[in-house]
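Colleague: Structure, please.
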Amino acid sequence: MRRNVSTVSVVVGVVIVFVVMAVVVHRRHNLPDNGDFFAFSVGSSNNNLNSNSRVNSNDRSSSNMGSSRIRRQVLDTTAGFYYDHDFTWSIFITPQGFSGAPKKMQTRAIESWLRLNPKPKIVLVGQGEGYEDVAEEYGLEINPHLDLNFILMPLAGSLLDVAMSADTEISVILNSDILLMQSFADGLAKVRAHFSDWFLAGARYDIPEMPSMFEPSRPDFNEAGFVSHVRSQGTLHTAGGQDYFAWNNSGRRLYHGIMPPFIRGKSKFDNWIAHEVIQGRYRDVIDGSEAIVAVHVEHGYKSAAGKHSEGNTGASTFWMKAKSSDWQIFHNINLAIAFGSYRNQDGTTLHAQYKLSSCLEPTGMCLIKRTRPGICPCEHNAFALNTQTDPQIISVSKRHIVKCGSVSVDQSNKYVIPSQALPGKEKQYGLPFTMEELLPVVARNNHVIVTGVSYIYRDVVMNFVCNLRRLGIYDSLILAAFDEEMYKFGFQMGLPIFLYKNDEFAHMSARDLEYGSSAFKKVTKLKSRVVLDILELGYDVTWTDTDITWFKNPLPDLLSMESDFVVQSNAPLPEEKDANGPLRINSGFYRVRSKPSTIVAMKEIISHAKASTMTEQPSFYIVLCGDIKGVNVVGSDKCHFSYKGDGGKNEVLVVQFLDRELYPNGSVNNYWKSLSIIDDFPQLVILHNNWIKGLRAKIERTVTRGLWYYNREKLICSYEEKPMFSFDWSVDVADA
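Modeller: Here you go, the predicted structure:
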């Protein structure tokens with residue numbers, strides 16, 4: 001009898017302990033240091049839970065429906081604990097475009113996501129081939145507003161901003177060819193049950209090919225069988241490569257500081273953001289690699305130079321080669337070092353404070369709190385049969401050491417942006433950019449948009465870049481930097497920029513080049529030299545100052561005009577009837593074709609400007625229209641430039657002045673006095689922000705008219721119809 005009492009006591013004691021553990025574990029932020037408990041049940045199957053067995057709770061506190069709302073967990077006597085799946089979530093992707101092999105890989109991934117419960121909203125961010133067709137076929141959404149670099153690669157900061165503005169409870173950024181299993185949605189449900197403000201990241205499995213029996217589009221898709229295949233035949237990617245990020249949108253900020261314009265898919269973005277979120281301590285960070293099954297089917301990787309590496313690259317062989325040659329990878333490493341607190345590869349899934357671990361709980365996953373995150377690289381390898389970083393025994397100083405993977409050591413002195421190539425040495429990473437190398441990349445139909453800039457005008461430059469991005473013609477722009485600071489800034493911002501400088505300006509700073517200074521007048525004369533150099537290489541040019549707002553794409557109109565040289569008038573209206581009056585050429589906007597006549601004209605303009613103490617603008621009129629008085633003026637909107645052609649024959653270049661109603665300068669019709677220029681004057685193609693003195697005044701006028709598109713706090717473009725920003729003019733902008 002005593003024995004039976006003892007047995008009962010033990011059983012009761014175990015039950016009490018088990019219940020207490022369950023209550024403790026499921027309270028937020030009170031997880032034990034050694035992890036979650038294991039829950040057993042009859043008839044449950046890991047990673048194969050059907051919708052009928054999953055229990056959703058709709059019983060929520062009506063007093064607090066935010067990120068910290070309390071949820072009742074439902075206990076099913078046959079299936080154990082389940083978490084509330086009654087939430088909304090969005091997946092944001094930037095697909096390559098839907099054609100050929102990428103279409104197959106990306107639609108396969110989309111089909112896997114649409115099988116999940118709850119079903120996510122899927123948003124294609126940006127614009128690309130086949131977006132509309134795929135969106136219609138699968139019921140997806142398209143958000144076209146995405147910042148791209150000049151070779152049309154998405155910038156991560158812009159994508160993140162779109163995702164953080166979602167109208168769903170949870171946002172997910174995901175590589176567009178990653179397949180997700182139900183464990184992903186289950187992981188979201190579990191994490192949101194435990195944490196108020198959280199951030200989930202994880203690595204994928206790589207498989208060499210997709211067996212036809214496991215295509216997600218099959219009505220008889222066997223998820224449990226596919227998961228088993230992946231775990232046994234797949235290779236777990238490194239902890240340093242993270243393929244998904246998820247977070248709740250109603251919570252605190254993700255990180256402190258500014259996200260630099262990383263090129264998406266070109267390294268460091270994933271490590272940087274994981275590190276900054278961990279270090280910011282605004283969020284609980286969870287590693288989902290062990291419990292969540294995310295799958296990548298191998299394919300060839302394409303580098304920026306167009307080089308291919310086919311299939312499985314083993315222990316990151318292709319990555320290491322690209323790291324030493326790809327300028328986009330150099331770009332991202334430079335940004336990672338320059339912004340935030342990230343150093344080397346310390347932003348991996350292993351550095352997360354918590355991890356979702358595979359276990360015998362009916363949901364298939366338990367939460368474990370890491371006491372010393374990141375201390376053991378081999379932890380990432382313990383639960384997978386095959387990994388990219390399987391433990392190796394290496395010899396160091398006659399000692400045998402177990403090694404799991406490598407830590408990327410990015411020394412800041414090796415990633416300083418070069419502004420000029422060293423004589424006699426081969427360029428590394430294809431840097432610095434040169435005009436000759438960029439022109440074939442950005443030219444469209446042998447035509448380029450060209451501007452020249454100095455560092456002090458960097459905000460105006462970025463506003464103009466955003467202006468062109470909104471119009472979808474940024475990829476035909478090329479920028480000449482007139483100082484090293486501007487070149488390095490432009491490179492970091494992902495601009496197609498090259499340094500155009502001669503010995504005369506070698507030691508000038510941005511401050512030396514303030515508006516109206518003697519140095520400024522000299523450096524403006526570089527603009528026509530840039531145009532001449534490009535014309536002589538055989539490209540047509542539209543030159544534009546960056547203080548001009550483009551309301552529409554002017555290129556179809558400009559390129560169709562008969563004249564080889566069309567130029568903006570600087571004459572006020574209605575005060576002056578003629579567009580071609582004395583000295584009324586505005587050299588801030590013109591289109592010129594690469595012809596012998598225009599090359600001769602540009603050479604004469606440069607020669608005249610060189611001997612002048614003024615800016616180059618008067619030289620345009622004096623050369624093209626014949627002296628200050630305009631002796632070669634024809635009618636009210638033309639000038640005839642006479643020159644000696646082949647064989648000494650007299651030739652005439654017709655210079656056409658643009659319509660001031662469509663291409664006005666800053667003194668025409670008081671357009672700038674309107675606070676709703678777009679609505680009041682829909683005929684405008686461009687509008688020059690001149691006839692006003694000072695950089696600060698230019699910016700203020702642009703901002704107050706809703707024509708400022710650059711978010712300086714986020715380093716991204718705004719795509720709102722009428723964006724509004726506020727500046728402290730006395731502090732934020734140095735006058736010039």
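
Colleague: Now for Ser212, how many residues are close by?
Modeller: A total of 7 residues lie near Ser212 under the criterion other C-beta atoms under 10 Å. C-betas here are computed from N, CA, C, even on glycine.

Colleague: Kindly state the pLDDT recorded for it?
Modeller: You'll see Ser212 listed with a pLDDT of 95.

Colleague: How about the one 10 residues further on?
Modeller: Per-residue confidence at Asn222 stands at 96 (pLDDT).

Colleague: Just to check, it is in contact with Pro211?
Modeller: No - assessed by C-beta atoms under 8 Å, Asn222 is found out of contact with Pro211, at 10.7 Å.

Colleague: okay, and the helix or strand of the chain with the least pLDDT?
Modeller: Least confident helix or strand, the chain: strand 74-76 with a mean of 33, by mean pLDDT, DSSP states H and E.

Colleague: Just the helices from the stretch 501-650 of the chain, written as ranges.
Modeller: Taking DSSP state H, counting those that start in this stretch, the helices of the stretch 501-650 of the chain run over residues 518-536, 555-560, 596-610, 617-625.

Colleague: Please read the previous query as pertaining to the stretch 101-250 of the chain.
Modeller: Under DSSP H, counting those that start in this stretch, the stretch 101-250 of the chain gives helices at 131-138, 156-164, 182-194, 223-233.

Colleague: closest one to Pro556 among the ones you listed?
Modeller: helix 131-138 (22.7 Å; C-beta to C-beta).

Colleague: Could you pull out the buried residues of that closest one?
Modeller: For helix 131-138, burial by neighbour count (16 or more other C-beta atoms under 10 Å) applies to 131, 134-135.

Colleague: neighbours around the closest residue in space to Ala189 that isn't next to it in sequence, how many?
Modeller: Nearest residue to Ala189, sequence neighbours excluded (C-beta to C-beta, 6 or more residues apart in numbering): Tyr83, at 3.9 Å. A count of neighbours around Tyr83, defined by other C-beta under 10 Å, yields 25.

Colleague: And Phe620, by the same measure?
Modeller: 26.

Colleague: Only C-alpha atoms, please: export stretch 652-668 in PDB.
Modeller: Output of stretch 652-668 as PDB, limited to C-alpha atoms (Å, rounded to 0.1, in the frame of the first residue of the first chain):
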ATOM      1  CA  VAL A 652      25.300  75.900 -91.000                       C
ATOM      2  CA  LEU A 653      24.100  74.300 -87.800                       C
ATOM      3  CA  VAL A 654      20.600  75.200 -86.900                       C
ATOM      4  CA  VAL A 655      20.200  75.800 -83.200                       C
ATOM      5  CA  GLN A 656      16.600  75.400 -82.000                       C
ATOM      6  CA  PHE A 657      15.300  77.100 -78.800                       C
ATOM      7  CA  LEU A 658      12.800  75.000 -76.900                       C
ATOM      8  CA  ASP A 659       9.200  76.200 -76.300                       C
ATOM      9  CA  ARG A 660       9.200  78.200 -73.000                       C
ATOM     10  CA  GLU A 661       5.600  77.100 -72.300                       C
ATOM     11  CA  LEU A 662       6.800  73.500 -72.100                       C
ATOM     12  CA  TYR A 663      10.500  73.800 -71.100                       C
ATOM     13  CA  PRO A 664      10.500  77.000 -69.000                       C
ATOM     14  CA  ASN A 665      13.300  78.600 -67.100                       C
ATOM     15  CA  GLY A 666      12.600  79.900 -63.600                       C
ATOM     16  CA  SER A 667      11.300  83.300 -64.700                       C
ATOM     17  CA  VAL A 668       8.600  82.100 -67.100                       C
END
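
Colleague: I'd like to know how many residues surround the residue lying closest to Glu484 once chain neighbours are set aside.
Modeller: Distances taken as C-beta to C-beta, 6+ apart place Ser419 nearest to Glu484, at 4.6 Å, with adjacent residues excluded. A count of nearby residues for Ser419, using other C-beta under 10 Å, gives 18.

Colleague: Quick check: Ser419 is in a strand.
Modeller: No - Ser419 is assigned coil when assessed by DSSP: H, G, I helix; E, B strand; the rest coil, not a strand.
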